[in-house]
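> fold the following, please.
(3 chains)
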Amino acid sequence: MRKRLNKIIHSHGFASFLASVASIGIGLIFGFVLLLCFKSSQSITGLGHLLFAGFSTPEKFAKVLYQAAPLIMTGLSVGFAFKTGLFNIGAVGQYIIGTFFALYAGIILQCPWWAAMLAAMLGGAIWGAIPGLCKAFFNVNEVITSIMFNWIGLFTVNLMIPNLPAILDKGVSNRTANLDATNASAIIPKWGLDKLLGSTYMNISILLSILIAVIIFIILNKTTFGYELKACGLNKNASIYAGISAKRNIVLSMVIAGGLSGLGGGIYYLSGTAQFTITKILPAMGFNGIPVALLAASNPVGTIFSALFISYIQVGGEAMQPEFAKEIVDIIIAVIIYLSAFSLLMKGLIMRILNWKRAKRLAAESEEVTK
Amino acid sequence: MSEYVVEMLNITKEFPGIKANDNISLQLKKGEVHALLGENGAGKSTLMSVLFGLYQPESGTIKKNDEIVKINNPNDANALKIGMVHQHFKLVEVFSVLDNIILGVEPNKLGVLDRKSARKKIVALSERYGLRVEPDARIEDISVGMQQRVEILKMLYRDNEILIFDEPTAVLTPQEIKELILIMRELTSEGKSILFITHKLNEIMEVANRCTVLRKGKCIGTVEVDHTSIEELSRMMVGRDIRFTIDKADVAPGEIVFKAENVTVASKIHKNNAVKNVSFEVRAGEIVCLAGIEGNGQSELIYALTGIEKMADGKLTLCGIDISRASIRSRSKLGISHIPEDRHKYGLVLDYSLAKNMVLERYWEPAFQKSGFIREFEVRKYADQLISQYDVRSGQGADTIVRSMSGGNQQKAILAREIDKNPNLLVAIQPTRGLDIGAIEYIHSQLIAQRDSGKAVLLVSLELDEVMNISDRILVMFEGEIVGEFDPKETTVEQIGLYMAGAKRNTPRTGSSDTSHTKKQDRRDEIS
Amino acid sequence: MIVFADIMSAAILFAIPLLIVALGGMFSERSGTINIALEGIMIIGALFSCLYLDSVAKSGWGEKHAQLAMLLAILVAGAAGIIYALLLAIASVSLKADQTIGGTALNMFAPAFAIVLSWAVQGQGQTTINIPTWIRITQETFGFHASAHPGFFEALVFKSLYLTTPIALIILGLTVFLIYKTKFGLRLRSCGEHPQAADSVGINVYKFRYIGVGISGMLGGIGGLAFTTAAGSGFQATVAGYGFFALAVMIFGNWKPMRIFGAALFFALFKVIGAYTGSLAFLPDFSGIKSADNIYQMLPYVVTMIVLIFTSGKSRAPKAEGIPYDKGTR
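Residues are numbered from 1 along each chain as shown, chains lettered A, B, ... in the order given. Down below sits the predicted model:
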């Protein structure tokens, strides 16, 4: 047991974890300093809200879980693409299109929730395929394509919704209908969780997300497909040498990433408590997938935790109002991300501290190995 | 006043594990062309990099005009009027010739470029030394020969007096080589002193005054070119001491396993083809070695063979099957195993575990996956078996991240993986590069074991020791063609050295099947 | 005819921020660093310059010295941008981290910080920072009155003219000059194309990469102010994706200043054309479709994609961009 523990402590993974924890710690301290700057009298209460609001009532806790679900999905989306060497900044566009497909299936086609979810996945997958194909076959930078299609997606959906009167809420022209009224079967079931936690928000979406995260983990680490994708992301040359097709993998990877983001949109808007409103700005939920993925170092299981963490401090941020703007939470997250640029440095430092003696022993060993 | 303009005395330069320069002394006279000769890895580039300030020696001194100097970076070297033309040109492709020459020493009025005065100076230098260039042409549009002249003008523009050339003729056509030799003569007649690194003996005989020969980091000696011969230089370059002989069973080669016919591959660096109309075959139970100095087409030939690059022309046959257009994976499935020349770039995914790398070529087989899921137990078992069978040492066994393993063990892992595929043809490219004696010995014994068990082995090597000891047949490549075929039992290292250096060739140049007027030009080139 | 002048002047107005920021991105990438943080830099530049404008408006001094105030605001925007961009430079050049990490962090930080700061300065919930109207250059600025029926040129020039427009054109001219005609420009470009070659002739690659990112910060900041004035409703902690759009303009312009100018005009034209469907008969107005303005909103992005698909094959990015420079590698 001790040996196993030792092995974990000295591994790269543990050092990464510690580096992430350090980033989080420093980010929170920075946030606290901001609180002090703006209203020092309230800063301790503010910090208290930030750190503990998520656990304060079952309702708030339910909100944490409920908001974490779509975050997990967009985080998985960005992380999956990262693992295969691509930056999926188009997660928000895929999220929007997924939402639209889900609502169309639910409201207009009167599908049950699981069919609407599949529709969401399909929509996101299509939207993700586009940057993948453009990169693989036309050599267009996937970041620019994704960004363009984020906006094209937004405007497309803004165009479609007013022209599909069936999808609209009664009497308004810019909001989709209430699912309870139009097709209750499209709402994601609660399976009693709402009573358990005493909150109408709660449904099985968090369980679904966790399940999908585990599935993605299995795909990446246990299948030949995942093996190929990661190899491509780590060393394109060696992969080509081994006969792996780089083009095919780029497209497939983006399709999957897109599908995941699309699912995220479906999860959020099929909950029955949210209605999609036409906006002119890109929804933050889609973009927040990026910090979730970066914090989790693109590890699918880690994504569950980083999404929960970010959702948690976001609930805390809302509780800080009205004394403090909830945007302070975004600032904290941004600082944490920035610090991950130092992660290599921090990781190196941490590993050196932890492995002081072990490094010496290993060096002596490897000398013998080469003899 | 010393006759030597630059002296490098007792220079020792070490890298982890290797003594690249071991107590080397070299003296350059004013106005001479001094050649630095040696095989790959002899230490020539390192020595010149020390002179140019790119490396710092562990011990030794450098003197210029009798004064001891310290050269810490290229700027110091430049201040001492030492300039270098690198083997891989340091030119900005999208800039014009003029801009490349003035980069770093731009004539200007308050920051605004004064291209006019630069142009004047460049044109004057160009005419004075016979260095034909087009000042406004972009580097990516001009010939390699002109690119080199730009590099030379860079040095002259900075009033460099001591000019270092690193393998200048490696990428030039015969015509351009002739021009370069004339340029060098012109430069020295104007008082410049030239040091040039090369392995081409006939060029040394033609243009150098003296020659220093290095072998395995040590200085063998300095000779007057007028008083020596190609044979002597060759002997100094490759040496007589053969380190160890391996007992090889006498195996009669069997059927033809692999056949290459009229293979031509285009070059990525220059307009000439990298591989010109090459044909050869490898039989079961023999080790065929493609020998030659690096850069003569061996890499491109192997890329074509394994499927990484397309051939411009030619046919490849493996066990009777035409694989000229087959994908990399199908070639692998048909029985080609490949130990690549750059194990980090092509052979291993460094951030994967050892086990995962062991199945890099086989992960899709039913033995290792079921319905798309990796059978981890089987993979592990396989990796463990290979590790013990081939004695691959690592920190945590099959779980070790390959990046942390030593070079020798990484290579052993690749070897294990490729040999265990039980290929018909095993292609090994510089399999012992950068390894210590123990690992080298081991790899050699493995290659011979393969051959003894009836496999066909194609070896590409730059180490003449290795070539002589292991191969059954040696094909020497020079400038993209096979210029000679030898039985190691019936030839000498010196002979091979001559062919490697282009001083001799057996096969007449097989050009295109064109008609008479081009043939005449070929013939003239051949004679000169 | 006046309609045409209106369209042109609107297009120019929206092209200016694109132009300035794309030029900034060009400086950064030409020196070898991909700058994804332009969006965030724009917001920071706009934030501080608008706060400044608001404060001089309140004090009354601003109105009396309108264009001087605007000039100072531009300087504030530039300075804020440089400082903010240095954060990116530290992460990307000195720490050699993945250039997307620093960029993403800066893009997240900026709008959040803008909201928080606005609230702190203006009071709870007051996100919008109002921009005074006197910054607009009108005929009065030059001492004559607007005509009742302005001619083509008068309409073209004075419909919506701000100091940022001529400044942008000056920046364009300076950029062309600097990049191609000076020692500085030559060295900067060499760092982005072939840093080893630059290093071998004694150029400090790290220094030039810092300068490249710094300039992109300055121009990004000024571009943020230009965007906010063009958008017309005050600063609202966003630049609506213009930072990324500018990257597309830069790529479409093949990293060359004059081409970038053309690309910026091209896209701005598509952006404004939607508002003129009534006046221009040949533009389909999609009257049968609700929210048809979305079609026109989409247009610049769709056109961008089409163009990129066709031109990316031959596109010629600075060869060494995105690759952190390590002196050790040879």
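> span of stretch A:265-274 from start to end?
One end of stretch A:265-274 sits 11 Å from the other (C-alpha to C-alpha, to the nearest Å).
> list the buried residues for it?
A:265-273 (16 or more other C-beta atoms under 10 Å in any protein chain shown). Just so you know, the C-beta spots here come from the backbone N, C-alpha and C atoms, and that holds for glycine as well.
> same check, this time on stretch A:209-218
For stretch A:209-218, burial by neighbour count (16+ other C-beta under 10 Å) applies to A:209-210, A:212-213, A:216-217.
> out of these, which are inside helices?
A:209-210, A:212-213, A:216-217 (DSSP state H).
> possible to save these as a markdown table with distance to A:Arg248 and pLDDT?
Shown next, in a markdown table, are these (distance: C-beta to C-beta, whole Å; pLDDT from 0 to 100):
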| residue | distance to A:Arg248 | pLDDT |
| --- | --- | --- |
| A:Ser209 | 28 | 93 |
| A:Ile210 | 30 | 94 |
| A:Ile212 | 23 | 95 |
| A:Ala213 | 25 | 95 |
| A:Ile216 | 19 | 95 |
| A:Phe217 | 22 | 94 |
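> quick one: neighbours of C:Met194, just the number.
You called it Met, but residue C:194 is His. For C:His194, the number of neighbouring residues by other C-beta atoms under 10 Å in any protein chain shown comes to 25.
> in helices only, show me the buried residues of stretch A:265-274.
Short answer: the buried residues of stretch A:265-274 in helices (DSSP H) are A:265-269.
> in contact with the residue most central in space within chain A, which residues?
For chain A, A:Gly75 is the residue whose C-alpha lies nearest the centre (C-alpha atoms, centre = their mean; 1.7 Å). A:Gly75 makes contact with A:288-289, A:292-293, A:296, A:303, A:306-307 under the criterion C-beta atoms under 8 Å, 6 or more residues apart in numbering or on different chains.
> host element of it?
When elements are assigned from DSSP states H and E, A:Gly75 belongs to helix A:58-83.
> next, A:Trp127: secondary structure please.
Using DSSP: H, G, I helix; E, B strand; the rest coil, the structure places A:Trp127 in helix.
> with distance to chain B added, can I get the buried residues of stretch A:209-218 in JSON lines?
Shown next, in JSON lines, are the buried residues of stretch A:209-218 (distance: C-beta to the nearest C-beta, whole Å):
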{"residue": "A:Ser209", "distance to chain B": "23"}
{"residue": "A:Ile210", "distance to chain B": "21"}
{"residue": "A:Ile212", "distance to chain B": "18"}
{"residue": "A:Ala213", "distance to chain B": "18"}
{"residue": "A:Ile216", "distance to chain B": "14"}
{"residue": "A:Phe217", "distance to chain B": "13"}
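> mind picking the two most distant members of those residues?
With distances taken as C-beta to C-beta, the most widely separated pair in those is A:Ser209 and A:Phe217, at 12.5 Å.
> show me what residue of the stretch 301-450 of chain B gets nearest to chain A.
B:Arg329 (3.0 Å; C-beta to the nearest C-beta).
> what sits against that residue?
Counting by C-beta under 8 Å, 6+ apart, B:Arg329 touches A:242-243.
> mind listing the strands for the stretch 51-200 of chain B?
Under the criterion DSSP state E, counting those that start in this stretch, strands of the stretch 51-200 of chain B are mapped to B:59-64, B:67-69, B:82-85, B:108-109, B:112-113, B:162-166, B:193-198.
> partners of the third one, with directions?
Put plainly, it is strand B:82-85. Applying DSSP bridges, strand B:82-85 is found paired with strand B:162-166 (parallel).
> dump the C-alpha coordinates for the strand it pairs with into PDB.
Taking C-alpha atoms only, strand B:162-166 is exported to PDB below (Å, rounded to 0.1, in the frame of the first residue of the first chain):
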ATOM      1  CA  ILE B 162      38.600  34.000 -42.400                       C
ATOM      2  CA  LEU B 163      35.800  32.100 -44.200                       C
ATOM      3  CA  ILE B 164      34.500  28.700 -42.900                       C
ATOM      4  CA  PHE B 165      32.600  26.500 -45.300                       C
ATOM      5  CA  ASP B 166      30.600  23.600 -43.900                       C
END
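> so where's the stretch 151-300 of chain C shaky on pLDDT?
Counting by pLDDT under 70, the ranges of the stretch 151-300 of chain C that qualify are C:151, C:155, C:275, C:277-287.
> show me what from it comes close to chain A.
Counting by C-beta under 8 Å from any C-beta of the partner chain, the stretch 151-300 of chain C comes close to chain A at C:238, C:240-241, C:244-245, C:247-248, C:251, C:289-292, C:294-295, C:297-298.
> and which of those is nearest chain B?
C:Ile251 (16.4 Å).
> torsion angles phi and psi at A:Phe276?
phi -80, psi 120 (degrees, to the nearest 10).
> one more: A:Thr277?
phi -110, psi 140.
> same question for the one 10 residues further on.
Note on A:Phe287: its backbone torsions stand at phi -70, psi -30 [degrees, to the nearest 10].
> where does A:Ala125 land on pLDDT?
The predicted structure scores A:Ala125 at 96 on the pLDDT scale.
> look up how far chain B lies from it.
19 Å (C-beta to the nearest C-beta, to the nearest Å).
> what is the neighbour count of the closest residue to B:Tyr129 other than its chain neighbours?
Distances taken as C-beta to C-beta, 6 or more residues apart in numbering or on different chains place B:Glu186 nearest to B:Tyr129, at 5.2 Å, with adjacent residues excluded. The tally of other residues near B:Glu186 (other C-beta under 10 Å) stands at 14.
> compute the first-to-last residue distance for stretch B:205-220.
Using C-alpha to C-alpha, the two ends of stretch B:205-220 sit 18 Å apart.
> so for it, what gets flagged as buried?
Result for stretch B:205-220 [16+ other C-beta under 10 Å]: buried residues B:205, B:207-208, B:210-217, B:219-220.
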